[in-house]
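**Student:** Structure of the sequence below:
(chains A and B)
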2 protein chains.
Amino acid sequence: MATYRAKIVVIGDELLSGKIADANTQVMAQWLDRQGFHLDQVILCGDSPKELRETLERAWSESNLLITTGGLGPTPDDITKTILSQVFQGELKENNVAKEMVIKNYARIGKDWSPQTNSYHIIPSTMEVIENPQGLAPGLAKVEEGKLFMAAPGVPRELKAMLAEPFIPLLDRAFPEREKDQQVMTIRTFGIPEEKIFFELMPNLWDELALEGKVSSLPQIVGVDIHLTFKGQEKDLEAKKNKWQERLKDSPLAPHIWAWEQISLEEFIIREATKKNLTLGAAESCTGGLVGHRLTNVSGSSAVFLGSLVTYANEAKENLLAVKTETLKNFGAVSTQTAGEMVAGVKKALACDIAVSLTGIAGPGGGTEEKPVGLVCMGSANSKGEVTTHEYKFRGDRNYLKLRFSEMGLHLIRQAIDNH
Amino acid sequence: MATYRAKIVVIGDELLSGKIADANTQVMAQWLDRQGFHLDQVILCGDSPKELRETLERAWSESNLLITTGGLGPTPDDITKTILSQVFQGELKENNVAKEMVIKNYARIGKDWSPQTNSYHIIPSTMEVIENPQGLAPGLAKVEEGKLFMAAPGVPRELKAMLAEPFIPLLDRAFPEREKDQQVMTIRTFGIPEEKIFFELMPNLWDELALEGKVSSLPQIVGVDIHLTFKGQEKDLEAKKNKWQERLKDSPLAPHIWAWEQISLEEFIIREATKKNLTLGAAESCTGGLVGHRLTNVSGSSAVFLGSLVTYANEAKENLLAVKTETLKNFGAVSTQTAGEMVAGVKKALACDIAVSLTGIAGPGGGTEEKPVGLVCMGSANSKGEVTTHEYKFRGDRNYLKLRFSEMGLHLIRQAIDNH
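**Tutor:** Residues are numbered from 1 along each chain as shown, chains lettered A, B, ... in the order given. Below you'll find the predicted structure:
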């Protein structure tokens, strides 16, 4: 089965000066993956005519599918159409199909358009005009046998709409034989570094997986994701998953696997807690509210998440969570003893089924030899009211430590839901 | 003055399959801009050896400075070093400098390293080894006259640390004549859109600024930053700032300016509150902890930030913040009345000088015609105990709305500190 090779050229100086971040590449990459194309390269290119022309000519000669985004707007630095008329050896001309489309697009926002408004109707003579369902400037395309060029606007919303609709029939025209079905099996692990998995725990795993497709491994905040990409339908993904779940279920990796799907930890938690009808709460010190923030990033979290008591000051721990003055005095704010009282306190204050507490040292200041930056103590309270406490050490700067602390805290919530 | 041309090659299949978003390009683009380089292109390239080699050879021949990120890890798909040994006509060899660095890096995380652990000490023979202050695998470099190649890891935290430290002396070695003395004056405004500033409020401002350098305007979460980039030393920046502060102090823009420096809102708040010895607290509903999270991202925030009561459920608002049942019943959770009681409640619970409360609808569900998604009510309590309430409407998806809500809440805290 032939694999079609794709390239993307993202056009715009504002990306290269760092003023904005590229919001389109990941969307296009995922779309191409689903459509069965292999994305070879993405090139972010500025508005310099010579460089843009050379880049487009080279990219077009090297790929089956080339997509550009950006540079179709009305300002003088929008030069894509001029360059395309050179690349495809045409000339810029008024185009009646484009004219009608632009009039229709303007009517959609309640405005009139005339050729004096802008040059949206001027199109390279060797190219086709493509609908832009969410914007004003039409897209462009060039279809050859086994080759396709598509130019889309840079506005993320407009680009997404073009990928969803007018670009699909173009793919079908240019690549009638294309393979649409690529599947990705994901194994999400937790609490073990990449090298330990592949060098110590399961030294043959990579090669064994590689017999069935392309393997990649991606370190996460406190774990590693393993991906296996292979050709097949959705039912094949199910079969593949079942086979590997069986293969790994008694392996040394088993206790570290927490999901077999691409889902964020917070979404996983909200979904599972909702299924089991369990309410959640947190008591946060070092994470400052990040656990609550992450859980409430999930739409629908209000069904199970009751709240989080961010008690940064010791007095707040005492007054709001009933942590004992002696506990703080004898063991310190960062101690399993304090974490245990915090989690018991918040479970009572919020009357939630499952709770977690976090108290640690995010640094850069505040560390001692005995309690260094990166130390965190956590408490976990399950639905039976049982409290366990935990101590971890992580490394990183303040922001990264807060993130890793919160990730670990979320895993404690996940485990408590699992064990219910 | 010569302009040096830079290219970036970002290596990794996980970017091209859309599994992760590129988090490094914008950081590097901004860094290059500050260092006086012109970034021509960014190329996202997969792990295919042939294509990576051709891409690197071409990019190296076309640029003064080439930076790669990614592919330095321990797994079989980390092929950067193999390709670099081909590009720079060397061979992969054990390197004693690298060995010592790796041992030191592992010691930093309390672990031992030996050549059996991984191949971090195997380095292309024609390249230099570079410190990785935040990670395990060393970076690589090749310095020629007027040309520099630098290879950094793909982990954002490690990359940032390398840009901040070991990469700077490499730039100085390769480009001793480079233009370093570029200053940026920043005017940070708040609560007014870009077009209103430059078309209504101060129609001559842009041209007036442009007489003194390069002007740019960058919309922020709930405001606009105006930058003036000009050639000069640090003392010139001070003089420029004084001049423009004088020029704008009675202008219509004055009430919208909140800072004349590149400082985050949360850092500004912690610095000013510390100066004035004012303690801070928050009561959050729709932001779920984001206000507390952002304030505690600032190192030293524990001196003034006491805590945040994240009361997502109505019962939590009643029990922890003493919001009246009738208030919730008569006006709803998203109302200025509830926001007012929330802020009074948290000020009492935490005994803080200044507090803010936020209750709103982050969507996508939960909106009504009367109270649509994007509506947020806030309360602000100042050091005298006076409470004011506010209502705002924003647009965006759930995550962006939470961010905008939190930004607005932080501005209320900033104003209360200002007014003290």
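
**Student:** Surely A:Leu280 and A:Leu295 touch.
**Tutor:** Yes: using CB atoms under 8 Å, A:Leu280 is in contact with A:Leu295, at 6.9 Å. Backbone N, C-alpha and C define where each C-beta goes, glycine included.

**Student:** Mutual contacts of those two, please.
**Tutor:** A:269, A:305 (CB atoms under 8 Å, 6 or more residues apart in numbering or on different chains).

**Student:** What residues does the stretch 151-300 of chain A have near chain B?
**Tutor:** A:184, A:194-195, A:198-199, A:206, A:214-219, A:227, A:229, A:284, A:286-293, A:295-297, A:299-300 (CB under 8 Å from any CB of the partner chain).

**Student:** Show only the entries of those found in helices.
**Tutor:** In helices, defined here by DSSP state H, the members of those are A:194-195, A:206, A:290-293, A:295.

**Student:** Let me have those in JSON lines, extended by distance to A:Ser17.
**Tutor:** Below are those laid out as JSON lines (distance: CB to CB, whole Å):
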{"residue": "A:Glu194", "distance to A:Ser17": "35"}
{"residue": "A:Glu195", "distance to A:Ser17": "38"}
{"residue": "A:Trp206", "distance to A:Ser17": "40"}
{"residue": "A:Leu290", "distance to A:Ser17": "31"}
{"residue": "A:Val291", "distance to A:Ser17": "36"}
{"residue": "A:Gly292", "distance to A:Ser17": "36"}
{"residue": "A:His293", "distance to A:Ser17": "31"}
{"residue": "A:Leu295", "distance to A:Ser17": "36"}
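
**Student:** For chain B, state which of these is nearest.
**Tutor:** Nearest to chain B out of those is A:Gly292 (CB to the nearest CB; 3.1 Å).

**Student:** Could you count how many residues lie near the closest one?
**Tutor:** As a burial measure, A:Gly292 scores 32 neighbours (other CB atoms under 10 Å in any protein chain shown).

**Student:** Are there helices or strands packed against the longest helix out of those in chain A, and which ones?
**Tutor:** Scanning chain A for the helix with the most residues, using DSSP H, yields helix A:398-419. Applying 3 or more CB pairs under 8 Å, 6 or more residues apart in numbering or on different chains; DSSP states H and E, one finds that helix A:398-419 contacts helix A:265-276, strand A:280-284, helix A:290-295, strand A:354-360, strand A:375-381, strand A:387-393.

**Student:** what does the average pLDDT come to for it?
**Tutor:** What helix A:398-419 shows for mean pLDDT is 96.

**Student:** For that helix, buried residues please.
**Tutor:** A:398, A:400-417 (16 or more other CB atoms under 10 Å in any protein chain shown).

**Student:** same thing with stretch A:126-135?
**Tutor:** By 16+ other CB under 10 Å, the buried positions in stretch A:126-135 come out as A:127-132, A:134-135.

**Student:** And stretch A:288-304, by the same measure?
**Tutor:** Per 16+ other CB under 10 Å, stretch A:288-304 contains these buried residues: A:288-299, A:301-302, A:304.

**Student:** again with stretch A:316-325
**Tutor:** A:316-318, A:320-321, A:323.

**Student:** For it, give me every contacting residue.
**Tutor:** Taking CB under 8 Å, 6+ apart as the rule, stretch A:316-325 contacts A:283, A:285, A:309, A:311, A:314, A:328, A:333, A:338, A:341-342, A:344-346, A:348-349, B:306-307, B:309, B:320, B:349-350.

**Student:** can you tell me which of those residues are in helices?
**Tutor:** If you go by DSSP H, the contacts of stretch A:316-325 have A:314, A:328, A:338, A:341-342, A:344-346, A:348-349, B:320, B:349-350 in helices.

**Student:** if we can go back for a sec, may I ask which two of the buried residues of stretch A:288-304 are separated the most?
**Tutor:** Using CB to CB, the buried residues of stretch A:288-304 reach their maximum pairwise distance at A:Gly288 and A:Ser299, which is 22.9 Å.

**Student:** Scan the ones in helices among the contacts of stretch A:316-325 and report the most crowded one.
**Tutor:** When neighbours are counted by other CB under 10 Å, A:Met342 leads these with 34 neighbours.

**Student:** Find the nearest non-adjacent residue to that residue, please.
**Tutor:** Spatial nearest neighbour of A:Met342, chain neighbours left out: A:Ser357 (3.7 Å); criterion: CB to CB, 6 or more residues apart in numbering or on different chains.

**Student:** can you pull the contacts of the one you found?
**Tutor:** Applying CB under 8 Å, 6+ apart, the residues contacting A:Ser357 are A:282-285, A:339-340, A:342-343, A:346, A:378-380.

**Student:** ok, now A:Phe37?
**Tutor:** So A:Phe37 contacts A:3-6, A:64-65, A:178 (CB under 8 Å, 6+ apart).

**Student:** before we move on, what about A:Ile226?
**Tutor:** A:Ile226 touches A:186-187, A:189, A:197, A:205, A:209, A:215-218, counting by CB under 8 Å, 6+ apart.

**Student:** Relative to B:Val373, which of those is nearest.
**Tutor:** Among the contacts of A:Ile226, and counting by CB to CB, the member closest to B:Val373 is A:Thr186, at 31.5 Å.

**Student:** how distant is the host helix or strand of that closest one from the center of its chain?
**Tutor:** For A:Thr186, the host element (DSSP states H and E) is strand A:182-189. Distance of strand A:182-189 from the chain centroid (CA atoms, centre = their mean, to the nearest Å) equals 15 Å.

**Student:** go on, stretch A:240-256?
**Tutor:** Centre to centre, stretch against its chain (CA atoms, centre = their mean), the figure for stretch A:240-256 is 25 Å.

**Student:** Go through that stretch and flag the buried ones.
**Tutor:** The neighbour-count check on stretch A:240-256 (16+ other CB under 10 Å) flags A:240-241, A:244, A:248, A:253, A:256 as buried.

**Student:** List of residues touching that stretch?
**Tutor:** Applying CB under 8 Å, 6+ apart, the contact partners of stretch A:240-256 are A:183, A:185, A:187, A:189-192, A:197, A:201-202, A:205, A:212, A:223, A:228, A:230, A:232, A:257, A:260.

**Student:** quick one: terminal-to-terminal distance for it?
**Tutor:** End-to-end distance for stretch A:240-256: 19 Å, by CA to CA, to the nearest Å.

**Student:** Cool, thanks, signing off.
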